[in-house]
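J.: Predicted model follows, preceded by the sequence.
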Amino acid sequence: MNAFQQCLIVIGGFICYFLADGYTYSIGILYSYFLTEFGLSGSATAVLPGLLYAVPQFTGLFLCPLLETYGYSSGAAWGAILLSVSCIGSAFAPNLQVLYLTFGVLASFGLQLTYSSAIMAVTVTFKDHKYFGLAVGLAMCGSGIGSFASSPFVAWLLESWTWREVMIIESAILLHSYISASCFHHLDATRFNLPRPAESVQVSTFNSATASYSRPSSTAQRSSLDRLFRFFRYLLCIPSRYRFRRTYSPLLPPEPKPSKLEPVSSVALEADELEQAYDSGCHECWKALIDSLRQLTSPKLWTNPTFISFILANALTGAGVVIPWTFIYDHGVISLNKDNDLDVRNASLIAWLPSLIGIGSLLGQILFGLITSPIGQFKRLSNCFRRPVDVEEPGTQPVRARFCRRIWSVESTRLLILFLAVLLWNALTTLTIALLPLPDLAGKLSSEVSLFSVPIGQAMAAACLCVGISYGGLYVLYPQILMNTLGEELWAAGLGIYLLFNGAMNLIGTTIGGQIFDSTGSYKSAFIFAACVPLVGMVITTCGQIIQFRRNRYSGSSSQ
């Protein structure tokens, strides 16, 4: 795969994350409108964004192996279709319960197909590349830019249209993620370009200026329905394993005396059709899918302390991450509009708070992508410290073995240290949001005095930006840590488990935030909760590394 094709993979991933995360994280703006429209409690309404965060990750448990089997381009295409259909269905929802189904569940399947297609395509393409971290960061930059642009855009649309009309507009916008499917086309073509067996079809040969080619020739005239079916076969939403089957294949130069083709009986044609149907991939796809799902129970996954501690720490952090995303807009509106005297200008400025989280996420993805890219070189540098086996000095093997193992594990160790630093940064910045006295500005803002012209508003903006930077770091680090911890063989299964745990805690986090608001009438305690859970994740990650270190030391001493 050349550089241009690799760039297309990154661009496709960028488009996926730009549209999907832009749609997902604009839910904080719509949450306030749903709260007013349906008149239900905060905890009941908070289930809706919780579903949008959680269900995509629940479905990742089986969609990741499914995409591995059927292709990334077709997965991205179906993601675009489902997202568009779900928005149209949500526009006509009569109550919140129907929105749970359309906005919460149906859209979630489209989101996960889009997310997983993007991250798996980028990871498979760049897993052995020295710029793996940078490629992941650039693809996920779409998340930050989309989050930054979507909240003010949705707030602007809601000034002119109702939320139902806005959903129709978003359905048209989300359909553009179909472009990413075409960007993954070449990657799937190289993975699923399966040749037909030569004996299953008759071939006719023709010569060109450079090579000879063969193509199937049929003795019977094709019907219009058959031609239509063969046309639709090449649509991007058709699974890639069926789409990329060779119709033309290079052949050796024809013999001087061409052989005469014997007539083919109807029985032989039926046998050929059965063979082609079997070779079309149904049996192989099902077998590969079952094998991928069986990896979820692999002992290598569930006996790996680093993997288990990382999954638990991320899950707890996920419960806190969704609280600022979901409630920061409503927190600003409630804090500054106590007497219904908030002017239009400052009301629009509140919509920039989630956008600042989005731009911070963008900066974090670029920053941590640049930081982690050179880390992949430490694996190669370890070879510089090795000496040939025949020049080993007696009595130095244990020390050298420990030294080489330490050098070999530098990459995973540094990634986990970065992960711990990101958790601490997230906890401190979220706590800053909770402790800032934003209600003190109520009644003091006007058309002449804007939110971001006073110190408290500026500090809130800076805190939102810093929280977003930590989110960007988490986005970039998790695929690299999973690949480093599990290897290519178990990476897809590990990603599915990661998404399952993270999604469950996302749903729990939004529900807890809504319940706290119902009990206290404020989101301050919810933000304090969101600041505490990353600290617990730090303790779990550290304990997992201690267990892993002791296990490695025990295995090293027993081998001696």
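T.: That came in fine, so what should we check first? Residues are numbered from 1 along each chain as shown.
J.: Could you use CA atoms for every contact and neighbour count after this?
T.: Fine.
J.: continuing past the helix or strand hosting Gly494, what's the next helix or strand?
T.: If you go by DSSP states H and E, Gly494 is part of helix 455-520. Downstream of helix 455-520, the next assigned helix or strand under DSSP H and E is helix 524-559.
J.: helices and strands around that next one, which ones?
T.: Helix 524-559 sits against helix 305-336, helix 410-435, helix 455-520, with contacts defined as 3 or more C-alpha pairs under 8 Å, 6 or more residues apart in numbering; DSSP states H and E.
J.: right, so these: which one is the most enclosed?
T.: Across those, averaging neighbours per residue (mean count of other C-alpha atoms under 10 Å) puts helix 305-336 on top, at a mean of 24.
J.: Which SSE is immediately downstream of that helix?
T.: Taking DSSP H and E, what comes next after helix 305-336 is helix 344-350.
J.: what's the burial count for Leu451?
T.: Per other C-alpha atoms under 10 Å, the neighbour tally for Leu451 reads 24.
J.: What residues does it make contact with?
T.: Residues near Leu451 by C-alpha atoms under 8 Å, 6 or more residues apart in numbering: 346, 349-350, 445, 457-458.
J.: same deal with Asn314?
T.: 502, 537.
J.: Show the pLDDT at it.
T.: The model reports Asn314 with a pLDDT of 92.
J.: The helix holding Gly494 vs helix 305-336, what angle?
T.: Interaxial angle, helix 455-520 versus helix 305-336 (axes from the mean of the first three to the mean of the last three C-alpha atoms, to 10 degrees): 100 degrees.
J.: on contacts alone, who are the packing partners of helix 455-520?
T.: helix 42-70, helix 132-160, helix 299-302, helix 305-336, helix 352-372, helix 410-435, helix 524-559.
J.: Distance to Leu342 for these - can I get that in JSON lines?
T.: Below are the helices and strands packed on helix 455-520 laid out as JSON lines (distance: least, C-alpha to C-alpha, whole Å):
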{"stretch": "helix 42-70", "distance to Leu342": "22"}
{"stretch": "helix 132-160", "distance to Leu342": "15"}
{"stretch": "helix 299-302", "distance to Leu342": "53"}
{"stretch": "helix 305-336", "distance to Leu342": "7"}
{"stretch": "helix 352-372", "distance to Leu342": "16"}
{"stretch": "helix 410-435", "distance to Leu342": "21"}
{"stretch": "helix 524-559", "distance to Leu342": "20"}
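J.: how many other residues sit next to the nearest residue to Val321 once chain neighbours are set aside?
T.: Distances taken as C-alpha to C-alpha, 6 or more residues apart in numbering put Ala530 closest to Val321, at 6.7 Å, once the chain neighbours are dropped. Per other C-alpha under 10 Å, the neighbour tally for Ala530 reads 27.
J.: next one: Leu106
T.: So Leu106, with other C-alpha under 10 Å, has 23 neighbours.
J.: That one and Thr45, how far apart?
T.: 17 Å (C-alpha to C-alpha, to the nearest Å).
J.: on that earlier part again, which one of the contacts of Leu451 sits closest to Gly521?
T.: Ile350 (18.8 Å; C-alpha to C-alpha).
J.: Next, the contact list for that closest one, please.
T.: Residues near Ile350 by C-alpha under 8 Å, 6+ apart: 329, 332-333, 451.
J.: now the residues you listed in JSON lines, with distance to Gln548 and pLDDT?
T.: Formatted as JSON lines, these follow (distance: C-alpha to C-alpha, whole Å; pLDDT from 0 to 100):
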{"residue": "Tyr329", "distance to Gln548": "42", "pLDDT": "90"}
{"residue": "Gly332", "distance to Gln548": "44", "pLDDT": "89"}
{"residue": "Val333", "distance to Gln548": "47", "pLDDT": "87"}
{"residue": "Leu451", "distance to Gln548": "49", "pLDDT": "86"}
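J.: can you redo the residues you listed as JSON lines with distance to Ser298?
T.: Shown next, in JSON lines, are those (distance: C-alpha to C-alpha, whole Å):
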{"residue": "Tyr329", "distance to Ser298": "43"}
{"residue": "Gly332", "distance to Ser298": "47"}
{"residue": "Val333", "distance to Ser298": "48"}
{"residue": "Leu451", "distance to Ser298": "53"}
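J.: can you tell me which of the helices and strands packed on helix 524-559 comes nearest to Gly60?
T.: helix 455-520 (4.9 Å).
J.: Now do that closest one, average pLDDT.
T.: Mean pLDDT, computed over helix 455-520, is 88.
J.: what's the angle between it and helix 352-372?
T.: Comparing the axes of helix 455-520 and helix 352-372 via the same axes, to 10 degrees yields an angle of 110 degrees.
J.: The nearest residue to Tyr25 once chain neighbours are set aside: what's it in contact with?
T.: Spatial nearest neighbour of Tyr25, excluding adjacent residues (C-alpha to C-alpha, 6+ apart): Ser147 at 5.9 Å. Ser147 makes contacts with 18, 21-23, 25-26, 354-355, 357-359, as judged by C-alpha under 8 Å, 6+ apart.
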